[in-house]
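Okay, structure incoming, though there's no sequence with it:
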């Protein structure tokens, strides 16, 4: 059954390559990017129970790192890519260590992450080297050497690769020691400590892993759109979308964020086609989240498990 | 093996534990008893690193571990269970135990194998793949024990493992704990149930209102006037012998 689901997902993911329709490729790339972001959030928020409301902080850090290294320092984006990932991971690790050391959990942790994202947004707006409120343009230099792709199939393939990496990381969590300790911490911190789990370290590492992956997605975004401003990078909507994708699909499951991204994008894009009222799609997101929380609190990926139980 | 001296903890104006000292010799079962509110659980929490003592020294194998965080103490080989069971509710029973096994084993399959072995040994064999939240009280107590054992401790701190169990289950757990001692494990337990203390403990400490009021074998403790008074109220000892 699991293999069947996997095969179906892979097939659907490959379909846009065959069709060659640029509309479909665009939709698929955006969906895959959402899935990457949801999966990255899921690693900390789903498996670790670290419900962040400010993951845009990591997305924006990665995006700005790549953009600034190119435009201001002339670095090749292929160097910017690992640099951004390291920056995102370091930010996650440091923020995590300080916040968890201070014993902040649950909604306090959510508020702190939100504050970090907002703080970065204000910094990006007011500093010079980030281009301020008018943002940064990355020079158009198509080609593999500059990590820019005019062929939509290539950017889709790269987004899928990143999704595969993030999903592999999540899958590893369900198999190994670190993941087991992380889930133990999510379920009961005191019991985990009694069994020798280093709680602060475990949570900070999870946030570092999650932050690094989120930053990578930020780089991908910059390389595709070639433009970045503080609102794109650090907007609360970005943070909310990440957690929404994971929670609708199933936080703490490997397939959840992928399912969530597909469902949410299908809803958003179909409604956008038929209903032009601005703000209708976000409202619909809200309704979907309410329905999921009320009917299926574990998310879509847990439907089968519930059916069995 | 465990040496506690002068342990003191104050909560606001309340002196919860006052100058408590005790010794837990290797390979023995030592019990800490006392009426409700005597400070047993606070003493335990301080020994295991969950509550910082205001003063006092805890030595494990001669090493001063006072003020160490709980996770470091578990790594050093002293592991506690909780009176109010703390399962990882969203995980299966086997996964729960595996978290303990991961303290010494890094390989996932090995840890899972060990976890299932211990779970089966503790009578949880039929429940290994069920969610921990589905266990009964007795199952949860066994799970606490199984998780702690999976860490391969040298010294086990058991906080009221018999509370809430029926007489048959109590007998089963007593046998199990006896088996652990025969396996060479050192145990310090908090217990309310005198039947269990009498059956298990080589040495008993009695705590009342934060003070250590008596120590000895279970038999001498049961006839100690101070202990009877602490449990049954002032004048009880006199009434019992002359009443």
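Ah, there it is. The structure presented is a predicted model; accordingly, all values stated were derived computationally and were not measured.

which residue ranges form the strands in chain A?
For chain A, the strands defined by DSSP state E cover A:136-137, A:227-228.

Kindly apply the preceding question to chain B instead.
Using DSSP E, the strands of chain B run over residues B:2-11, B:14-24, B:29-33, B:55-60, B:63-64, B:78-80, B:155-159, B:186-190, B:203-208, B:211-216.

what about the closest residue to residue A:97 other than its chain neighbours, how many residues close to it?
Closest residue to residue A:97 apart from its sequence neighbours, by Cβ to Cβ, 6 or more residues apart in numbering or on different chains: residue A:204 at 4.3 Å. Backbone N, C-alpha and C define where each C-beta goes, glycine included. Close neighbours of residue A:204, defined as other Cβ atoms under 10 Å in any protein chain shown, add up to 23.

hey, which of the strands of chain B is tucked in deepest?
Greatest average neighbour count among the strands of chain B goes to strand B:78-80 (a mean of 28), per mean count of other Cβ atoms under 10 Å in any protein chain shown.

partner strands of that strand, parallel or antiparallel?
Strands that pair with strand B:78-80, judged by DSSP bridges, come out as strand B:155-159 (parallel).

Give me the contacts around the partner strand.
Residues outside strand B:155-159 that contact it (Cβ atoms under 8 Å, 6 or more residues apart in numbering or on different chains) are B:1-2, B:24, B:41, B:44, B:47-48, B:60, B:77-83, B:145, B:148-149, B:177, B:180, B:185-191.

List the buried residues for the longest helix along chain B?
Determined from DSSP state H, the single longest helix within chain B is helix B:167-182. Of the residues in helix B:167-182, B:169-170, B:172-174, B:176-177, B:180-181 count as buried by neighbour count, 16 or more other Cβ atoms under 10 Å in any protein chain shown.

and that helix, how far out from the chain's middle?
Taking Cα atoms, centre = their mean, to the nearest Å, one finds helix B:167-182 lying 14 Å from the centre of the chain it belongs to.

swap in stretch B:107-124?
In terms of Cα atoms, centre = their mean, the centre of stretch B:107-124 is found 22 Å from the chain centre.

list the contacts for residue B:224?
The neighbours of residue B:224, taking Cβ under 8 Å, 6+ apart as the test, are B:206, B:214, B:216.

where does chain B dip in pLDDT?
B:240-243 (pLDDT under 70).

Which residue would you name as the spatial centre of it?
residue B:158 (1.7 Å; Cα atoms, centre = their mean).

In contact with residue B:212, which residues are there?
By Cβ under 8 Å, 6+ apart, the contact set of residue B:212 is B:19-22, B:205-206.

rerun that using 6 Å as the cut-off
The neighbours of residue B:212, taking Cβ atoms under 6 Å, 6 or more residues apart in numbering or on different chains as the test, are residue B:20.

And for residue A:224?
Residue A:224 makes contact with residue A:155, according to Cβ under 6 Å, 6+ apart.

Also the one 4 residues further on?
Applying Cβ under 6 Å, 6+ apart, one finds that residue A:228 lies in contact with A:63, A:67, A:135-136, A:222.

what's around residue B:98, how many residues?
Count around residue B:98 with other Cβ under 10 Å applied: 29.

now it, nearest residue through space, not along the chain?
Counting by Cβ to Cβ, 6+ apart, the residue nearest residue B:98 is residue B:115, at 4.0 Å.

any idea which residue sits dead centre in chain A?
By Cα atoms, centre = their mean, chain A has its centre lying nearest to residue A:37, at 1.6 Å.

what about the spatially closest residue to that residue that is not a sequence neighbour, distance to chain B?
Leaving aside its chain neighbours, residue A:37 sits nearest to residue A:242 (4.7 Å; criterion: Cβ to Cβ, 6+ apart). Distance, residue A:242 to chain B, by Cβ to the nearest Cβ, to the nearest Å: 22 Å.

mind listing what residue A:242 touches?
By Cβ under 6 Å, 6+ apart, the neighbours of residue A:242 are A:37-38, A:41, A:55.

now do residue A:112
A:99, A:104.

per-residue confidence at it?
On the pLDDT scale, residue A:112 is placed at 95.

before we move on, what about residue A:2?
69.

how about low-confidence regions in chain A?
For chain A, applying pLDDT under 70 flags the ranges A:1-2, A:304-309.

can you list the residues of it near chain B?
Taking Cβ under 6 Å from any Cβ of the partner chain as the contact definition, chain A meets chain B at A:175-177, A:180, A:184, A:187-188, A:190-191, A:193-198.

on that earlier part again, can you convert the buried residues of helix B:167-182 into TSV and add a column each for distance to residue A:119?
What follows is these, written out as TSV (distance: Cβ to Cβ, whole Å):
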residue	distance to residue A:119
B:169	55
B:170	57
B:172	57
B:173	54
B:174	58
B:176	54
B:177	54
B:180	53
B:181	57
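
ranges for the helices of chain A?
A:2-19, A:22-45, A:56-71, A:77-101, A:106-126, A:152-173, A:177-187, A:189-194, A:199-225, A:230-234, A:236-249, A:256-274, A:280-295, A:303-308.

Need the winner for burial among these.
Ranked by mean neighbour count, the helices of chain A are led by helix A:56-71 with a mean of 28 (mean count of other Cβ under 10 Å).

contact partners of that one?
Where contact means Cβ under 6 Å, 6+ apart, the residues beyond helix A:56-71 that reach it are A:75, A:77, A:80, A:83-84, A:87-88, A:91, A:116-117, A:120, A:136, A:138, A:211, A:214-215, A:218-219, A:221-222, A:228, A:233-235, A:238-239.

centre of the chain versus that helix, how much separation?
How far helix A:56-71 lies from its chain's middle: 14 Å, per Cα atoms, centre = their mean.

Specify the angle between it and helix A:22-45 in degrees.
In terms of direction (axes from the mean of the first three to the mean of the last three Cα atoms, to 10 degrees), helix A:56-71 departs from helix A:22-45 by 120 degrees.

which residues sit in contact with the spatially most distant residue from the centre of chain A?
The centre of chain A is farthest from one residue, residue A:194, which by Cα atoms, centre = their mean lies 32.3 Å away. Counting by Cβ under 6 Å, 6+ apart, residue A:194 makes contact with residue B:80.

Go again with 7 Å.
Residue A:194 is in contact with B:70, B:74, B:79-80, counting by Cβ atoms under 7 Å, 6 or more residues apart in numbering or on different chains.

Kindly report the same for residue A:21.
Applying Cβ under 7 Å, 6+ apart to residue A:21 gives no contacts.

I'd like the distance between it and residue A:220.
In this view, residue A:21 and residue A:220 are 21 Å apart by Cβ to Cβ, to the nearest Å.

do residue A:209 as well
Counting by Cβ to Cβ, the gap from residue A:209 to residue A:220 is 17 Å.

How about residue 191, nearest residue that isn't a chain neighbour?
Since you didn't name a chain, this refers to chain A. residue B:86 (3.9 Å).

looking at chain B here, not the other one
residue B:197 (5.1 Å).

what do you get for residue A:130?
residue A:124 (4.4 Å).

what's around residue A:73, how many residues?
10.

Tell me the spacing between it and chain B.
41 Å.

Nearest to chain B among the contacts of residue A:228?
Nearest to chain B, judged by Cβ to the nearest Cβ, of the contacts of residue A:228 is residue A:63 at 34.2 Å.

Quick check: the residue of the stretch 201-309 of chain A nearest chain B.
Evaluated by Cβ to the nearest Cβ, the stretch 201-309 of chain A has residue A:252 as its residue closest to chain B, separated by 8.0 Å.

That residue: neighbour count?
The burial count for residue A:252: 25, using other Cβ under 10 Å.

my read: it touches residue A:46, true?
Yes. At 3.8 Å, residue A:252 counts as touching residue A:46 under the criterion of Cβ atoms under 7 Å.
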